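S.K.: got a structure for you, letters missing:
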């Protein structure tokens, strides 16, 4: 889907020229950014806060397929994946570095599209691009981003603070990104057979957008801070709800029970699940790439949480370590195990 | 050169199991590291300092060749490349994140060797591994590292402070890493023809070590701070002396003259240059990967600099912007242009 109109080879610019061209449209928005791109390293002020640091890497053919992923969306998503981790700490993202390895099959214009998505993400979330590296690769594209955020000392939300009796909450809805991925893969298969096909994907718009252009939940963190809600543990849902629940429980030394009928699933996700013969609950529990926030709160805060539109209360932390239970819509219950994203072997990646 | 005795497939462990196994031997050494690996992000304290952040990416086939690069050395070097940038800001590195994309051709044991090198670098330079990402790639290996350091507010060494009349200094010696690369490539060619050959590389030990296992110049920064030397600009020599000189001059709005007979070149580098029919000065000016520190100082500090064994005074900053001159050992002079590492097109990589 790369624009073929103009295609300047990367070798025309060289490494420094390319970096200059790609990063020129970026400005500095944060007073915490003393020095951005252009030296051996960026200089940052902590302004009395603690800093949080997170890195994520996306590899072509593993995390994204350029047949159905517009490069601008990819750039946007690569930033979101990192910002989501910063918000899951209760912190405010301030800076990113972007390192890129690309083969010569990409043109300067293609990389400009990628950086356009990165820039839009930076502008929307008030984040400065302060460094990185751009180099060639033997095949394909690898994007590695590091995000740095700030949080008031002692106010970070960690994974290990859940207590028995705490309520389990999640923002937004679950499983849509995975449903979108299934639709995109199906359409790719159709396209491979008949490149002239013009699919109408409008009835899948929500799930496809959730897959291609997710948003980090800054709004949820802001709503939590405003409401007085005091999360005891928090994690973002990148590998699937089951996997993230187990992280919180293992690090907190607790068990958990989740109620199937409380899982937030969008109607479009349910429709796709039915269409592709998958269980919507499976999608919600194990789909991955939702970039929602999963967190626990003291039980006495149930009323505050109940009033917040952005979140659902889906279960409760228990005092039985390693007992993770999904209580079914009907009578039965099942053991929750991490079937989330596994980048090696039988993963969905 | 990977140890073939045991070869556990990556898929045996899965992503979380692999990360746990690889990062287990790492401890936390810095009081500035509040929380390391194991949450959505690491938490760092600035302890009243400014922070510096830098990211570098190494790609198989572009920046390293596993035929002659032991994985432990590769891990060590990947950290050094980043620490060198932190030291070039006059800062002290404190934390790194390591993101890795690897194909299934690598075993768990191979990655343990890589991380063993990373760990040795962290221990030697008192740096904490605080995060990252490990995922699969379609082909080969990409290592992306971000390093974070601390520097007293206002005390960072930037590229843009050189003034006409300032003396140009460089640490250590130049061109050795590139000489080592030429020897390794030659031996690889021989090996490809006759795998039973047992080359004696002992007379190339210094230049090969400079290529495979460089050290970041913490000692030089410490000596500079101790001596009272006040660098006006600084950069590390990664792409070659010429390229770095131009960065300082362009950002400072100055010219420069460099004296060929002052360039520090090791005897082994000179011997290799003669052996491979290359000009030792060309190696010193454009070799790259030296990871030495190039900096400028006020002319009145000439005596302090003269006493420091670690550094050579190689030239002077001039007031003629864009005039970059190499004054030859004999009468002539030449224009310095950046022929350093170019990851696209006709680069040496």
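M.R.: Done, it's in. All figures in this text were calculated on a predicted structure; none of them were measured in a lab. Residues are numbered from 1 along each chain as shown, chains lettered A, B, ... in the order given.

S.K.: And the strands in the stretch 201-349 of chain A?
M.R.: Taking DSSP state E, counting those that start in this stretch as the test, the strands found in the stretch 201-349 of chain A are A:233-236, A:255-259, A:293-297, A:311-318, A:324-327, A:333-335.

S.K.: and chain B, which of those strands is closest to it?
M.R.: The closest of the strands of the stretch 201-349 of chain A to chain B is strand A:233-236. By Cβ to the nearest Cβ, the value is 5.9 Å. For every residue, glycine as well, the C-beta is placed using N, CA and C.

S.K.: Return the list of helices and strands in contact with that closest one.
M.R.: With contacts defined as 3 or more Cβ pairs under 8 Å, 6 or more residues apart in numbering or on different chains; DSSP states H and E, strand A:233-236 has these neighbours: helix A:71-87, helix A:241-252, strand A:293-297.

S.K.: Apply 10 Å and report the result again.
M.R.: The helices and strands touching strand A:233-236, judged by 3 or more Cβ pairs under 10 Å, 6 or more residues apart in numbering or on different chains; DSSP states H and E, are helix A:71-87, strand A:167-171, helix A:218-227, helix A:241-252, strand A:293-297.

S.K.: Between helix A:241-252 and the second one, find me the angle.
M.R.: The reference is to strand A:167-171. Orientation check (axes from the mean of the first three to the mean of the last three Cα atoms, to 10 degrees): strand A:167-171 against helix A:241-252 gives 140 degrees.

S.K.: In whichever helix or strand comes after strand A:167-171, which residues are buried?
M.R.: On the C-terminal side of strand A:167-171, the nearest following helix or strand under DSSP states H and E is helix A:176-193. The neighbour-count check on helix A:176-193 (16 or more other Cβ atoms under 10 Å in any protein chain shown) flags A:176, A:177, A:178, A:179, A:180, A:181, A:182, A:183, A:184, A:187 as buried.

S.K.: follow-up on the earlier one: could the helices and strands packed on strand A:233-236 be laid out in a markdown table, adding distance to chain B?
M.R.: What follows is the helices and strands packed on strand A:233-236, written out as a markdown table (distance: least, Cβ to the nearest Cβ, whole Å):
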| stretch | distance to chain B |
| --- | --- |
| helix A:71-87 | 4 |
| strand A:167-171 | 14 |
| helix A:218-227 | 12 |
| helix A:241-252 | 7 |
| strand A:293-297 | 10 |
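
S.K.: out of the ones you listed, deepest packed?
M.R.: Across those, averaging neighbours per residue (mean count of other Cβ atoms under 10 Å in any protein chain shown) puts strand A:293-297 on top, at a mean of 27.

S.K.: And for the nearest residue to residue A:109 once chain neighbours are set aside, the neighbour number?
M.R.: Spatial nearest neighbour of residue A:109, chain neighbours left out: residue A:6 (5.2 Å); criterion: Cβ to Cβ, 6 or more residues apart in numbering or on different chains. When neighbours are defined as other Cβ atoms under 10 Å in any protein chain shown, residue A:6 has 9 of them.

S.K.: what pLDDT does residue A:6 get?
M.R.: On the pLDDT scale, residue A:6 is placed at 80.

S.K.: ditto for residue A:342
M.R.: In this model, residue A:342 is scored at 44, pLDDT.

S.K.: Point out the residues in the stretch 151-300 of chain A that sit beside chain B.
M.R.: By the rule Cβ under 10 Å from any Cβ of the partner chain, the part of the stretch 151-300 of chain A lying against chain B is A:151, A:153-154, A:156-160, A:233-236, A:238-239, A:243-244, A:246-247, A:251, A:293.

S.K.: Drop anything exposed from these.
M.R.: A:151, A:156-160, A:233-236, A:238-239, A:243-244, A:246-247, A:251, A:293.

S.K.: What about residue A:46, how many residues nearby?
M.R.: 21.

S.K.: again with residue A:307
M.R.: Neighbours around residue A:307, by other Cβ under 10 Å: 10.

S.K.: residues contacting it?
M.R.: A:227, A:229 (Cβ atoms under 10 Å, 6 or more residues apart in numbering or on different chains).

S.K.: need the helices and strands packed on strand A:233-236 in TSV with mean pLDDT, can you?
M.R.: Output for these, formatted as TSV (pLDDT from 0 to 100):
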stretch	mean pLDDT
helix A:71-87	98
strand A:167-171	98
helix A:218-227	97
helix A:241-252	97
strand A:293-297	98
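
S.K.: If you rank every helix and strand of chain A by mean pLDDT, what lands last?
M.R.: helix A:14-23 (a mean of 88; mean pLDDT, DSSP states H and E).

S.K.: Describe which strands the next helix or strand after that one pairs with in its sheet and in which direction.
M.R.: Going down the chain from helix A:14-23, the next helix or strand is strand A:33-35, by DSSP H and E. Strands that pair with strand A:33-35, judged by DSSP bridges, come out as strand A:42-44 (antiparallel).

S.K.: C-terminal to the partner strand, what's the next element?
M.R.: Following strand A:42-44 toward the C-terminus (DSSP H and E): strand A:50-59.

S.K.: any idea of the angle that next one forms with helix A:71-87?
M.R.: 150 degrees.

S.K.: Now do the buried residues in strand A:50-59.
M.R.: Buried-residue list, strand A:50-59, by 16+ other Cβ under 10 Å: A:50, A:51, A:52, A:53, A:54, A:55, A:56, A:57, A:58, A:59.

S.K.: Tell me the gap between it and the middle of its chain.
M.R.: 12 Å (Cα atoms, centre = their mean, to the nearest Å).

S.K.: and it, what's its mean pLDDT?
M.R.: The pLDDT scores in strand A:50-59 average 97.

S.K.: Provide the strand pairings for it, with the direction of each partner.
M.R.: Strand A:50-59 has these strand partners (DSSP bridges): strand A:141-151 (antiparallel), strand B:42-44 (antiparallel).

S.K.: mind checking which of those is nearest residue A:167?
M.R.: strand A:141-151 (23.0 Å; Cβ to Cβ).

S.K.: buried sites along that closest one?
M.R.: Neighbour-count burial for strand A:141-151 [16+ other Cβ under 10 Å]: A:141, A:142, A:143, A:144, A:145, A:146, A:147, A:148, A:149, A:150, A:151.

S.K.: Could you save those as JSON lines and add columns showing pLDDT and distance to residue A:14?
M.R.: Compiled in JSON lines, the buried residues of strand A:141-151 are given as follows (pLDDT from 0 to 100; distance: Cβ to Cβ, whole Å):
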{"residue": "A:141", "pLDDT": "95", "distance to residue A:14": "19"}
{"residue": "A:142", "pLDDT": "96", "distance to residue A:14": "20"}
{"residue": "A:143", "pLDDT": "97", "distance to residue A:14": "20"}
{"residue": "A:144", "pLDDT": "97", "distance to residue A:14": "21"}
{"residue": "A:145", "pLDDT": "98", "distance to residue A:14": "23"}
{"residue": "A:146", "pLDDT": "98", "distance to residue A:14": "24"}
{"residue": "A:147", "pLDDT": "98", "distance to residue A:14": "28"}
{"residue": "A:148", "pLDDT": "98", "distance to residue A:14": "28"}
{"residue": "A:149", "pLDDT": "98", "distance to residue A:14": "33"}
{"residue": "A:150", "pLDDT": "98", "distance to residue A:14": "35"}
{"residue": "A:151", "pLDDT": "97", "distance to residue A:14": "39"}
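
S.K.: circling back: reformat the helices and strands packed on strand A:233-236 as a markdown table; add distance to residue A:322.
M.R.: Shown next, in a markdown table, are these (distance: least, Cβ to Cβ, whole Å):
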| stretch | distance to residue A:322 |
| --- | --- |
| helix A:71-87 | 26 |
| strand A:167-171 | 16 |
| helix A:218-227 | 28 |
| helix A:241-252 | 8 |
| strand A:293-297 | 17 |
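
S.K.: and residue B:108, which of these is closest to it?
M.R.: helix A:241-252 (20.8 Å).

S.K.: between the closest one and strand A:311-318, how many degrees?
M.R.: 50 degrees.
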